[in-house]
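Asks: Return atomic coordinates for the entry below.
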Amino acid sequence: GDHDIMPTRKTNWMCLIFASIGVLALLMLIIFIVMPGQPTTTTPRTTLLPYDCSAGFDNWRNGWSDNKKEWCCEQSGRGCPPKPPTPSTTIAPPPPPPPPPP
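Replies: Take a look at the predicted model:
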């Protein structure tokens, strides 16, 4: 018998490629629209400091804790312990020479 030969179907590769690119671009656009952006806040961010170096400064020696004194000294230069006096840089004169023998 006769065999019926089916015509081979040709694939239009260019159409397939452009369709894939279009679907990919559409998918990226949808993801871009749906994804949340950076959160916007109207209140400024404030960092809570552990100590207020102005509060009670008039009586810092007796009123502040050691931790507050240390922190405020490092951060703002307030509440630092007094520096010990620097030794004098003048050199004492040498003792007088012994008296000559008689």
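
Asks: And the helices in the protein?
Replies: 13-34, 60-63, 66-76 (DSSP state H).

Asks: Show me which residues of stretch 58-67 are buried.
Replies: 60, 64 (16 or more other CB atoms under 10 Å). C-beta: built from backbone N, CA, C; applies to glycine.

Asks: hmm, back to that, could the helices of the chain be laid out in TSV, adding distance to Leu48 and mean pLDDT?
Replies: What follows is those, written out as TSV (distance: least, CB to CB, whole Å; pLDDT from 0 to 100):
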stretch	distance to Leu48	mean pLDDT
helix 13-34	35	90
helix 60-63	21	93
helix 66-76	13	93
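
Asks: Would you mind finding the most buried of these?
Replies: A comparison of these by mean neighbour count, using mean count of other CB atoms under 10 Å, puts helix 66-76 on top with a mean of 15.

Asks: what comes into contact with it?
Replies: Residues outside helix 66-76 that contact it (CB atoms under 8 Å, 6 or more residues apart in numbering) are 50-51, 53, 60, 64, 78-81.

Asks: change it to 7 Å
Replies: 50-51, 53, 60, 78-80 (CB atoms under 7 Å, 6 or more residues apart in numbering).

Asks: Distance from the chain centre to that helix, please.
Replies: 21 Å (CA atoms, centre = their mean, to the nearest Å).

Asks: Likewise for stretch 76-91?
Replies: Worked out by CA atoms, centre = their mean, stretch 76-91 lies 34 Å from the chain centre.

Asks: Now do the end-to-end distance for it.
Replies: 37 Å (CA to CA, to the nearest Å).
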